[in-house]
Structures are given as structure tokens and as C-alpha cells.
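> Give me a model of this one.
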Amino acid sequence: MVRLLRPFGRAVTYTRLLHLFIAIVWPSMLLFIQEAWWTWVVAAVLLAPVGLVPAMRTVEGLQARLLLTDDRHDSASTDIVVAPSASWNDRGRVVVWLEARLLLGCATSMLSVQLLLAAIDLVSSGFGRAVGDGLLVPLDGHAWWHVLLAPLALAALAVTVVVPGRIITALAHRLLGPSPADRLAALEERTEQLLERTRIARELHDSIGHALTVAVVQAGAARAAGDPAFTDRALGAIEETGRAALEDLERVLGILRESERPVSGRPTLTDSDRLLESARASGAKVDAELTGPVDTVPGPVSREGYRILQESLTNVLRHAGAVPVRIRVDVTPDTLTLEVRNPLTADVPGPGRGSGLRGIRERAALLGGRARTGPDLGDWQVLVELPLR
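Purely as a prediction, here's the structure:
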């Protein structure tokens, strides 16, 4: 019994009924012109071209979310679309929705009014009072047992209040819900969000990881050297690297705060000199060979190339320390080649370990290139080839 009465304690039950009643407000105005059944046919015919207007799906979707769903305050938790119709299939579904809502609203309003009047007339007849002729089933005289039929009319009225609301809600999910094109667009948007989160995670790992590695190496070298002049240089390098890391961190946080913020502020290969100087300040002997016009490399490739070079140098400092490093950057009309080599040490990260090496391979794969990391001829090699066309 409690389960049967539960819908009557929910506000959405009555907002659904209101939603159906709203559908017949303007067609009812035609009755003032001519009280005939064909006025409803005219109303149904007029709805067809209205449903073909793309904005109608937005209007009907917002109204359905507000009045038909329990979670109307969370637009992401409902599958009723509020975007304009993007295809003729969407427009056709809106037309069917408007016609079905008009038909169901007309039937619900008439039936609910008749059942309410029937309950009143049954009680009146049971007490011997005169009743009108609006009953669905005319009464024959007056009898006390007519009162016993009133609860049946009220029960039917209760069903009329609840069931049509559930039917129209199911129709809303079916006719105003996302089409296959909408679902595909939502999936693509979700994929873009996940890719953006992964990219930001790599940005933070490469930038902050590089800065912390340089700071640790510089601090350790300064403590071991015991030379005030070297300590001053090390502190200067730590300060410069930390300041650059703070700039990168502020930029990444800005992207998180402002989703439409452009990425043009990210460093590119033309800014690689500061990476080389940072590595040299840490004690590594860096020999860099740049071939080709680096400034002509497309922005996305140049930005990812900078991060790949940064992570490669970070790995050298972290695992090998202050060792000679050979860097080759070769730009051709078709390919950007990045190679970083350093003497192989006992602390070998291995081709499948570490998020840094995985990030290098992921960056290369996203740009359609390839990356090789691992031992090669007594050296540790990072070799990345990125297509420019």
C-alpha cells in the first residue's frame, strides 16, 4: 500500500500532469471560435510545421527536463537533449513528440475532469441529491450504494494522474533523447576531454619533474663540491629552473581554469636553449647538433618535440647524472628527428618502465610518429621521428 501511495508524495508526479495540461492550453483556445471536434484536428495539423523548426527541440527539451525528470537540476544526468535539431530525423521525432503530447494531454485532461465529476456525482446521488449529466455512466435514480462507487472513481482518477505522466516521460526519453549522431558527438567530446587530461598530466610530469630533477642534482653537486663559487652557480640554476617551472605550472593551471584558453604559450623547440643551459648548469656536458630550419616546424609538433627533449634530458640527469650528452635535432621537409644519447650506466630504466618514457612514446604516437628508447651501441638512446606532413 505504501508503495502505491509513494508517487503521490513526489512533486514530479504533479509537474508531469502540469506538463500534459500545458500542451492543450493553446488548442483549447480554438474552442472559443468553434466548439467542434475538428478544432483538435486543426491543432494537430498546425503542430507539424512547428515541430520542423530546429529550435523547438531546445524548447521542448528544456520544458521536459524541468517538469518530467526527478533530476532536472543536473542537466548531465538526463538523456533529454536540449540542442536544436541537427537533422530531418530529429525534426521528425519532435513532430511525433508534439502530436503524442497533444493527444495524451487531451485524453488525460478530459478523463481526469470526468472522473472527478463522477466521484462528486456519485456521492451526491447516494445522499439523494440531483446530479448532472456529465457522468461517464449515467445513474439510474438515487441509491445509497452509489457512495460506494465513489472510491472506484477516485482510484481511477489516481491512475490517471500517475500513469500518463510516466508514459509521457518515457516518450520524452525516446523522442527527445539523443540520436546516434548526438551520442557520437558526446563520445567524441568525452574522448577529447580525456585526451586533454592526459596531455595536462604529461605537461605537469615533464615540466615539474624536470625542474625537481635539476634542483636535486644541483643541490647534491653543490654539497659535494664544497666550493662557494660553485654553490652560487648551483643556486642560480635552481632559481632559474624553479622560476621556469612555476611559469609552466601557472600556464597549465590557467588551461584548467579556462578551457578555451589557447595553447600558444607553451614552449617550442625554438626555446630549447634554456633546456640545454639547464642541463649544462647541472654538470652535464651537452653537445647539441641542430640541422634544418627549426622555426618552420608546425606548432603542435614543435611543442611536443620540446617536451620530448625535456623529458629525455630529465631522464639523463635522473639516471646517469652529470654525463656527456649528445643531442641531434634534424628538420627535413617531411620529418623531425630528435635523438638524445648518453653513456649507458648501471641504472637502466628499461623500455617499459617509468611514466616519462611512456609519455615520450605516447606523444610520438599521437602525432603519427614513432619513438625508440633503450640501449644502443653502449649508449642509452632516445630516438623519435615525427612526420611534418
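> all contacts plus neighbour counts: C-alpha atoms, from now on.
Fine.
> quick one, phi/psi of residue 298?
Per-residue torsions, residue 298: phi -50, psi 150 (degrees, to the nearest 10).
> going forward can the numbers begin at 20, since that is how I track them
Okay, using 20 as the starting number, the last item reads as residue 317.
> Grab the nearest non-local neighbour of it.
Distances taken as Cα to Cα, 6 or more residues apart in numbering put residue 407 closest to residue 317, at 7.1 Å, once the chain neighbours are dropped.
> Check residue 337 too.
Residue 337 sits nearest to residue 232 (Cα to Cα, 6+ apart), 6.2 Å away.
> And for stretch 397-408, what's in contact with it?
Stretch 397-408 is contacted from outside by 316-317, 320, 331, 352-363, 383, 386-394, using Cα atoms under 8 Å, 6 or more residues apart in numbering.
> Of those, which count as buried by neighbour count?
Listed as buried from the contacts of stretch 397-408 are 316, 320, 331, 355-363, 383, 388-394; burial here means 16 or more other Cα atoms under 10 Å.
> Quick check, pLDDT for residue 288.
Per-residue confidence (pLDDT) for residue 288: 88.
> Tally up the residues packed near it, please.
22 (other Cα atoms under 10 Å).
> ok, and the closest non-adjacent residue to it?
Excluding the flanking residues, the one nearest residue 288 by Cα to Cα, 6+ apart is residue 325, at 4.9 Å.
> close enough to count as contact, that neighbour and residue 287?
Yes - if you go by Cα atoms under 8 Å, residue 325 and residue 287 touch, sitting 5.3 Å apart.
> who touches both of those two?
By Cα under 8 Å, 6+ apart, no residue touches both residue 325 and residue 287.
> packing partners for the helix or strand that contains the residue nearest to residue 288?
Using DSSP states H and E, residue 325 maps to helix 318-338. Using 3 or more Cα pairs under 8 Å, 6 or more residues apart in numbering; DSSP states H and E, the elements in contact with helix 318-338 are helix 199-244, helix 292-300, strand 354-362, helix 374-385.
> where does the stretch 220-369 of the chain dip in pLDDT?
Residue ranges of the stretch 220-369 of the chain with pLDDT under 70: 221-222, 224-226, 229, 270-271, 273-284, 365-369.
> can you pull out the helices in this protein?
21-24, 30-42, 44-48, 57-70, 74-87, 107-145, 165-194, 199-244, 247-276, 292-300, 318-338, 374-385 (DSSP state H).
> what comes into contact with the fourth one?
Right, helix 57-70. 46, 49-50, 75-76, 110-111, 113-114, 117-118, 121.
> Now do it and helix 107-145, the angle between them.
150 degrees (axes from the mean of the first three to the mean of the last three Cα atoms, to 10 degrees).
> Could you do the last one as well?
With the same axes, to 10 degrees as the criterion, the two stretches helix 374-385 and helix 107-145 enclose an angle of 100 degrees.
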